[in-house]
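Novice: Just a sequence and a predicted model for now, questions to come.
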Amino acid sequence: MKYIAHDYQEEATAFIKKNPIAAVFLSCGLGKTVITLTAIEEMLHDSFQICRVLVMAPLRVAKLSWPDEIKKWDHLNNLTFAVAVGNESERKTAIRQNADITIINRENVQWLVEESGIKFSYDMVVIDELSSFKNRKSKRFKALMRIRPKVKRIVGLTGTPSPNGLMDLWAEFKVLDRGERLGRFIGSYRSSFFIPDKYNNKMIFSYKPKTGAEDEIYRRIGDITISMKAMDHLEMPNLISSEVKAIMSETERKDYKKLMKDFVLGLPDGEVTVANAASLSGKLCQMANGAIYTDDGNTSSIHERKLDALEDIIEAAYGKPVLLAYWFRHDLDRIKTRLKKLGIRFSCLESTQSIRDWNSGNLEVGLIHPASAGHGLNLQSGGSHLVWFGLTWSLELYQQTVARLWRQGQKSTTVVVQHIITEGTIDERILKALDSKQMVQDALLEAVKAEIKDVKKKENI
């Protein structure tokens, strides 16, 4: 297929070529993969600035998205690539092909650097989903920092640079510029830009930015950062978000409040105890969804209010496909049981065939888990209706899951996102928290957004 670049794509490709260190924050659907591959192809074969490229990506993205993009576009036909996933033997075989581009899943970065026994010979690294390196204590972060001095050019790609606030940015930019802009150490970054927010005596639980800190952080990273939103550059479909209320009975609400208050709850199927506030959050989410894991590992049913709401949503869809996001395993099991009872055609979107069935319109319900299907899957051909059965605290996973449908190539003029919310529960707090994090995210993206004049919006990439 011939690649006809949008103006913003040409701008982003030029930015990558110009800057040896580049943070590229592009919303889903803007084509960040082909933008980066175009820059790689030109630097490999035209200007000879690089020799070998290593792409680090989520597993599904590494296996499917990057190879598919290379094979899709005519101007990339000269690129050779190898996908280093699978067992150790398969990974080593791929790496030893000495292809122009080696694609590896991020979970194996530490293995590549410290355990493979293969000399690191890449002069350019692309991190697809830069936000997955936000944890400075992770093995992948430490492994990447070990070989970072050997890398001449590095690109960090993401649509969600600060999913949980500005504190995440330190580690992400540390792997890019080795601490030049936000400091070499997290302690100095924290003390320079943040003050304690929630604390008890000497124990600090969270921080908030100092007055003026956000602007200063954005200013420091601005020279190596380009940011664009899909709605600024594409004819995006309308996005309608709504809530569907599920209401517990008085008895169910009493059980919920008892666990929240006492950190312990006796149920017919076993006892539930929680050790701390983080554990309590997870248990309350489970109860809001309708079931909970007991201390002995069994599942105790609490209610079917969300399942009833889901049934109403599916009925109101009149046969149109519904993409359903779940979080807990017991949610999936109960959803499957209800869908079978209703005679609904459904499948978990885990395999190539199931994804093909969804995009072909052969499924009434497609089931996805945000952590495994949030990145890299193109599902917009199969439908335009997303339902959240259980929510996630992660803004990144939330946005990426919504972007499976709300993206370029969506045939419908409107994408509908419905959240099944159990009234008076932690569900309401999660939605509020996601909104709050979104404000920080938008501020960051807006601060470094590329100024591109007279952008011509085209129908296809």
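Specialist: Perfect, thanks for sending it. Numbering: from 1, shown residues only.

Novice: where in the protein is pLDDT low?
Specialist: Scanning the chain with the threshold set as pLDDT under 70 gives 163, 231, 265-271, 275, 277-278, 373-376, 438-461.

Novice: Residue 237 touches residue 412, doesn't it?
Specialist: Yes: assessed by CB atoms under 8 Å, residue 237 is found in contact with residue 412 at 5.9 Å. Bear in mind the C-beta positions are built from the backbone N, C-alpha and C, glycine included.

Novice: The two: which is more packed in?
Specialist: Between residue 237 and residue 412, counted using other CB atoms under 10 Å, residue 237 has the larger neighbour count: 20 against 15.

Novice: who touches the more buried one in this structure?
Specialist: With contact taken as CB atoms under 8 Å, 6 or more residues apart in numbering, residue 237 is in contact with 384, 406, 410, 412-415.

Novice: any idea how far residue 64 is from residue 72?
Specialist: For residue 72, the distance to residue 64 (CB to CB, to the nearest Å) stands at 12 Å.

Novice: for the stretch 301-450 of the chain, what spans make up the helices?
Specialist: 305-316, 329-342, 352-359, 370-373, 395-402, 426-447 (DSSP state H, counting those that start in this stretch).

Novice: Comparing residue 72 and residue 64, which residue is more hemmed in?
Specialist: Summary of the neighbour comparison: residue 72 and residue 64, criterion other CB under 10 Å, with residue 64 having more neighbours (17 against 14).

Novice: Name the SS class of the more buried one, please.
Specialist: helix (DSSP: H, G, I helix; E, B strand; the rest coil).

Novice: can you name the two of the contacts of residue 237 that are farthest apart?
Specialist: Largest separation among the contacts of residue 237 by CB to CB: 406 and 413, giving 11.7 Å.

Novice: More neighbours: which of the two?
Specialist: residue 406 (26 against 10).

Novice: Next up, the contacts around the more buried one.
Specialist: Residue 406 sits in contact with 28-29, 236-237, 239, 380, 415, 417, where contact means CB under 8 Å, 6+ apart.

Novice: Any figure for the gap between it and residue 158?
Specialist: 17 Å.

Novice: now residue 280
Specialist: 31 Å.

Novice: Closest one to residue 144 out of the contacts of residue 237, please.
Specialist: When the contacts of residue 237 are compared against residue 144 (criterion: CB to CB), the nearest one is residue 406, at 31.1 Å.

Novice: can you confirm residue 16 is in a helix?
Specialist: Yes: using three-state DSSP, the secondary structure at residue 16 is a helix.

Novice: correct me, but it touches residue 154?
Specialist: No: at 10.2 Å, residue 16 does not count as touching residue 154 under the criterion of CB under 8 Å.

Novice: Find the residues that touch each one of the two.
Specialist: residue 22.

Novice: residue boundaries of the strands in the stretch 251-400 of the chain?
Specialist: Taking DSSP state E, counting those that start in this stretch as the criterion, the stretch 251-400 of the chain carries its strands at 264-267, 270-273, 291-293, 299-301, 322-325, 346-348, 365-368, 385-388.

Novice: about what we covered before: is it possible to export the helices of the stretch 301-450 of the chain to TSV including distance to residue 42?
Specialist: Shown next, in TSV, are the helices of the stretch 301-450 of the chain (distance: least, CB to CB, whole Å):
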stretch	distance to residue 42
helix 305-316	48
helix 329-342	45
helix 352-359	31
helix 370-373	32
helix 395-402	28
helix 426-447	26
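
Novice: of all those, which lies closest to residue 210?
Specialist: Judging the helices of the stretch 301-450 of the chain by CB to CB, what sits closest to residue 210 is helix 426-447, at 14.2 Å.

Novice: Give the burial count for residue 234, as a bare number.
Specialist: 23.

Novice: Touching, it and residue 29? I think so.
Specialist: Yes: Residue 234 sits in contact with residue 29 when judged by CB under 8 Å, with a separation of 6.4 Å.

Novice: Now list whatever residues contact both of those two.
Specialist: residue 408.

Novice: ok so residue 47 is a strand residue?
Specialist: No: the assignment for residue 47, made by three-state DSSP, is coil rather than a strand.

Novice: Nearest spatial neighbour of it, chain-adjacent residues omitted?
Specialist: residue 17 (7.6 Å; CB to CB, 6 or more residues apart in numbering).

Novice: now residue 128
Specialist: In space, residue 128 is closest to residue 57, 3.8 Å off (CB to CB, 6+ apart).

Novice: For stretch 114-133, list every residue counted as buried.
Specialist: 116, 120, 122-133 (16 or more other CB atoms under 10 Å).

Novice: Out of those residues, which is nearest to residue 23?
Specialist: residue 130 (6.9 Å).

Novice: Using the three-state scheme, assign residue 50.
Specialist: coil.

Novice: For residue 134, see how far away it is.
Specialist: 26 Å.

Novice: ok, the two, which is more surrounded?
Specialist: Legend: neighbour count by other CB under 10 Å for residue 50 and residue 134, higher for residue 134 (22 against 18).

Novice: need the contact list for the more buried one.
Specialist: Per CB under 8 Å, 6+ apart, neighbours of residue 134: 163-164, 168, 171-172.

Novice: which phi and psi does it have?
Specialist: When read as degrees, to the nearest 10, the backbone of residue 134 gives phi -80, psi -10.

Novice: do the same with residue 208
Specialist: phi -130, psi 150.

Novice: how many neighbours does the nearest residue to it once chain neighbours are set aside have?
Specialist: Once flanking residues are discounted, residue 208 sits nearest to residue 197: 4.1 Å by CB to CB, 6+ apart. Under the neighbour criterion other CB under 10 Å, residue 197 is assigned a count of 11.

Novice: Excluding chain neighbours, what is closest to residue 9?
Specialist: Using CB to CB, 6+ apart, the nearest residue to residue 9 is residue 35, at 5.2 Å.

Novice: And the contacts of the helix or strand hosting the one you found?
Specialist: If you go by DSSP states H and E, residue 35 is part of helix 32-45. Helix 32-45 is contacted from outside by 3, 5, 9, 12-13, 16-17, 24, 26, 49-51, 53, 65-66, 69-70, 72-73, 75-76, 78-79, 100-101, 124, 126, 128, 153, 155, 157, 159, 461, using CB under 8 Å, 6+ apart.

Novice: now with 7 Å?
Specialist: Identification of contacts with helix 32-45 by CB atoms under 7 Å, 6 or more residues apart in numbering yields 3, 9, 12-13, 16-17, 24, 26, 49-50, 53, 65-66, 69-70, 73, 75-76, 78-79, 100-101, 126, 155, 157, 461.
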